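Visitor: Attaching a predicted model along with its sequence, questions to come.
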Amino acid sequence: VNGYLRFSGFSHRGYERDNNEDATYAGRRLLALADGMGGHAAGEVASSLVIAEIAPLDDLEGSFDIGEALKRAAEAADRALARHVQEHPEHAGMGTTLTALLFAEAQAALVHIGDSRAYRLRRGDLKQLTHDDTLVQGLVDRGLLTTEEARRHPQRSVVLKVLTGRPIEPTLQMLEVELDDRYMICSDGVSDVLTDTEIHEHLSGGDPQLCAGDLVNAAMRVGSHDNVSCIVADVIAKDLGFDIPMIGGAALDASRSR
Ligand SMILES: [Mn+2]
């Protein structure tokens, strides 16, 4: 990064779920979130496996093609899921979203699959960087639903693409990064219950830790039925020593039990 990432994040099981299937990672150059799905605890396995495959990108030194590296890591994560299901047939059908940002100098690579989201706040303007791989987003794109109708649609939770171990092409984008940009990645536990206007408000004051906590609390207060996770990171000029990665949700549980 031309500058440094000041990052924070929270992952909460929420009030209604028995387990947390979201997994998060935030480090000096990598931000990643996976929202797992599947019965028999397979959702946690899927999301934490994928985060574990992606996380080493945070430690890569020297110059390399960040887009290529991130894409390859996502493909390797997908293959890790396939291997896992082969060894644990009881986990068949598990899957996970993945939204990850990898920074280098004035650029970031963004890889995305599923219905987790990445946003960027730049000079006061909030922009959603990812496009949900959902049924309702497809209907919005074709002009058949408004964004507001999509939010209340009975099939709003139908996700068309996730990592499952079958070969799949996640979406890859390259972004120009500016000093003072703020990036946010969240699971649908946040974006399903908060509007973009509300997300914008919560992201507009305070440091990343305050904003991430605020967003998670707000989503739970309005009654999110899901796991609730979010990562917030600022691109800043000064090194404030944010070197120790923050691991959250299922990824944290998995790293404890290893
Ligand atoms: Mn979710």
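Guide: It's in.

Visitor: Need the phi and psi values for residue 123.
Guide: With angles defined as degrees, to the nearest 10, residue 123 sits at phi 50, psi 40.

Visitor: Can you list the buried residues in the lengthiest helix in the chain?
Guide: In the chain, with assignment by DSSP state H, the single longest helix is helix 66-87. Buried residues in helix 66-87, counted by 16 or more other Cβ atoms under 10 Å: 66-67, 69-71, 73-75, 77-78, 80-81, 84-85. Every C-beta, even on glycine, is put in place using the N, C-alpha and C of the backbone.

Visitor: Tell me what whatever residue of the stretch 1-150 of the chain ends up closest to the ion is bridged to.
Guide: Distances between the stretch 1-150 of the chain and the ion by Cβ to the ion are smallest at residue 35, namely 4.3 Å. Judged by DSSP bridges, the bridge partners of residue 35 are residue 22.

Visitor: re the thing from before, could you point out which element follows the longest helix of the chain?
Guide: Moving toward the C-terminus from helix 66-87, the first helix or strand encountered (DSSP states H and E) is strand 95-96.

Visitor: and that following strand with the ion, contact?
Guide: No - residues of strand 95-96 are not located near the ion by Cβ under 5 Å from the ion, the shortest gap being 10.0 Å.

Visitor: Give me the residues contacting that strand.
Guide: Residues outside strand 95-96 that contact it (Cβ atoms under 8 Å, 6 or more residues apart in numbering): 23, 34-38, 43, 46-47, 49-50, 81, 114, 162-164.

Visitor: cutoff 7 Å now
Guide: Residues outside strand 95-96 that contact it (Cβ atoms under 7 Å, 6 or more residues apart in numbering): 34-38, 46-47, 50, 162-164.

Visitor: What of stretch 222-232?
Guide: Against stretch 222-232 from outside (Cβ under 7 Å, 6+ apart): 7-14, 16-17, 20-22, 24, 26, 31, 33, 182, 184-190, 192-193, 208, 211-212, 215-216, 219-220, 248-249.

Visitor: next one: stretch 187-207
Guide: With Cβ under 7 Å, 6+ apart, stretch 187-207 has contacts from 14, 22, 33, 35, 115-117, 119, 121, 126, 128, 182, 184, 211, 214-215, 218-219, 222-224, 226-230.

Visitor: Now the buried members of the contacts of stretch 222-232.
Guide: Buried among those by 16+ other Cβ under 10 Å: 7-14, 17, 20-22, 24, 26, 31, 33, 182, 184-190, 192-193, 208, 211-212, 215-216, 219-220, 248-249.

Visitor: Filter those down to the ones in strands?
Guide: Secondary structure from DSSP state E places 7-12, 22, 24, 26, 31, 33, 182, 184-186, 248-249 of the buried ones among the contacts of stretch 222-232 in strands.

Visitor: Close to the ion: what parts of the protein are there?
Guide: Near the ion, when you scan the chain using Cβ under 5 Å from the ion, you find 35, 187-189, 226.

Visitor: how does it look with 8 Å?
Guide: Proximity of the chain to the ion, by Cβ under 8 Å from the ion, involves residues 21-22, 35, 37, 97, 115-116, 187-189, 192, 226-227.

Visitor: what residues are up against residue 163?
Guide: 50, 77-78, 81, 95-96, 98, 113.

Visitor: Could you verify that residue 238 is part of a strand?
Guide: No - checked against DSSP: H, G, I helix; E, B strand; the rest coil, residue 238 lies outside a strand; its state is coil.

Visitor: Near it, how many other residues are there?
Guide: 8 (other Cβ atoms under 10 Å).

Visitor: Which other helices and strands does the helix or strand harbouring residue 112 contact?
Guide: Element membership for residue 112 (DSSP H and E) is strand 107-113. If you count contacts as 3 or more Cβ pairs under 7 Å, 6 or more residues apart in numbering; DSSP states H and E, strand 107-113 packs onto helix 66-87, strand 98-104, strand 171-176.
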